[in-house]
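Student: build me a model from this:
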Amino acid sequence: MKAILITNDDGHAAKLTQIEQSQLPDEDVLVQVEYSTINYKDALAITGKGPVVRNFPMVPGIDLAGEVIESASPDFAAGDKVVLNGHGVGELHWGGLAQKARLNADWLIKLPDGFTTKDAMAIGTAGYTAMLCIMALEDHGISPASGEILVTGATGGVGSMAVALLTKNGYSITASTGRVQAERDYLTRLGATTLIAREELSEPGRPLQKERWAAAIDVAGSHTLANVCASVKYGGTVAACGLAQGMDFPSSVMPFILRGVTLCGIDSVYVPKQRREYAWKFLTDTLEMDKLRTMTREVSLDGVIATASDLLDGKLRGRIVVNVQD
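Tutor: I've put the predicted structure just below:
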C-alpha cells in the first residue's frame, strides 16, 4: 500500500513509499483509509519544522476517515464508516496518510449521518477544533447578542471553519488575516463582516487596550494572543487553539483581573469521546456544505509533501483534503 513515511536515519526525511500491512501497529481495528487531510501540525511533521513526531519511522496524518475492514472490538464491524481526529495519531502512532491504518477502537467515532468520508476530512481537525472553540465560548455565556467575535488566522483551516460556523450561528465576525485585500472576497463569502490586518495584533502591545470584541478565537499565540486578551470586552472569553506565531504568551494578569476575561485552552487531541461526538453532531446541524466546499481543495498522496511546505509558507487557504486511494 502507498503511504507517506517519515524517517530520521540520516536526518529528517519524508517520502511517498510502499509499506506492507504487516508493518502497521498492533491495534484492534483495521481501516481502509479513504480520505485524510493536511493540517498545520501535519505540515510541521512532514517538513520537520516542528517537534511533532515522537517515534520513527512515522506515517503522519492526525485525521482520517474510511471503512472498517476488520475489527476485534464490539463497537465496530466490517463495513462501518469511521472518523478519527487526534489521539496522538501521526505523532505517537501511525496515522492517516496511508491507504490503511490499524487503530484503537477507543479513538474512533462512527461517521455522522449526512457526511461522506470526504466531507468529514474537509472538516477534519480544523473544523472540529473550531467547533470546540465555539462550544467553549457558549459554555462561558457568549451568544450572538454579546457582540462581535474576532477570529485570527482567518484564512487558515481553523479560522475559515470558525468564520463559517459562527456566521451560521448568527454571530458577527471580525476576521484577521495577513492578506486583507487578496482574501476579502473569500472571507466575505464565508461570512466575515469586518477584516483587519494581522499586523494590528502581531506586534508587542499594551497589557490593557481599548475594548473591541465580545470574544475571540485565536490560532496564533504569542503577541497576537496577548493583544487579543487585552482588547476583549469586560466579561469576554478567548478560546486559544494554536501557536502559529509562537508558543510564548507575553501578557499580564490585567485583562483577567480587571475585566474578568476568561482564557480557554482548546485541546482537540484527547477530548473525551462524549464531547467529541457532541461536537461532530453540532457540526452536522450547523455547517453549510456549500461553504465547506468553497474552502476545500483536494490533493493525492503524491502531492502531500509539496502541499505541506506551501501550507507553512502561507501560500494556501482553507482546507486540504487528501484522497488517499488516488
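Student: burial count for G170?
Tutor: When neighbours are counted by other CB atoms under 10 Å, G170 registers 9. To be clear about C-beta, it is placed using only N, CA and C from the backbone, and glycine gets the same treatment.
Student: retrieve the pLDDT associated with the residue nearest to A154 when sequence neighbours are not counted.
Tutor: Among residues not flanking A154 along the chain, A175 sits closest, at 3.6 Å (CB to CB, 6 or more residues apart in numbering). What the model reports as pLDDT for A175 is 98.
Student: what about A175, how many neighbours?
Tutor: Using other CB under 10 Å, A175 has 29 neighbouring residues.
Student: ok but it is inside a strand, no?
Tutor: Yes - A175 forms part of a strand when assessed by DSSP: H, G, I helix; E, B strand; the rest coil.
Student: which strand residues bridge it?
Tutor: In this entry, A175 is beta-bridged to V151, L195, by DSSP bridges.
Student: lowest average confidence across helices and strands of the protein, where is it?
Tutor: Least confident element among the helices and strands of the chain, by mean pLDDT, DSSP states H and E: helix 289-294 (a mean of 89).
Student: distance from it to the middle of the chain?
Tutor: 16 Å (CA atoms, centre = their mean, to the nearest Å).
Student: next up, identify which helix or strand the most centrally placed residue in the chain is on.
Tutor: Centroid-nearest residue in the chain, with CA atoms, centre = their mean: A126, separated by 2.2 Å. Assessed by DSSP states H and E, A126 sits inside helix 117-139.
Student: for the stretch 101-250 of the chain, which spans come out with low pLDDT?
Tutor: In the prediction, the stretch 101-250 of the chain carries no residues with pLDDT under 70.
Student: tell me where it has helices.
Tutor: Assignment of helices within the stretch 101-250 of the chain using DSSP state H, counting those that start in this stretch yields the ranges 117-139, 157-168, 180-190, 199-202, 222-231.
Student: in the least confident helix or strand of the chain, what's buried?
Tutor: K291, L292 (16 or more other CB atoms under 10 Å).
Student: how far off helix 117-139 does the helix or strand just after that helix point, in degrees?
Tutor: Using DSSP H and E, the helix or strand that follows helix 289-294 in sequence is strand 296-300. Angle, strand 296-300 to helix 117-139, by axes from the mean of the first three to the mean of the last three CA atoms, to 10 degrees: 140 degrees.
Student: what packs against the helix or strand hosting L84?
Tutor: Taking DSSP H and E as the definition, L84 sits inside strand 81-85. Counting contacts by 3 or more CB pairs under 8 Å, 6 or more residues apart in numbering; DSSP states H and E, strand 81-85 is packed against strand 29-37, strand 63-71, strand 108-110, helix 117-139.
Student: re earlier: and the residue nearest to A154, what is it in contact with?
Tutor: V151, A154, G159, V163, L187, A192, T194, L195, I196 (CB atoms under 8 Å, 6 or more residues apart in numbering).
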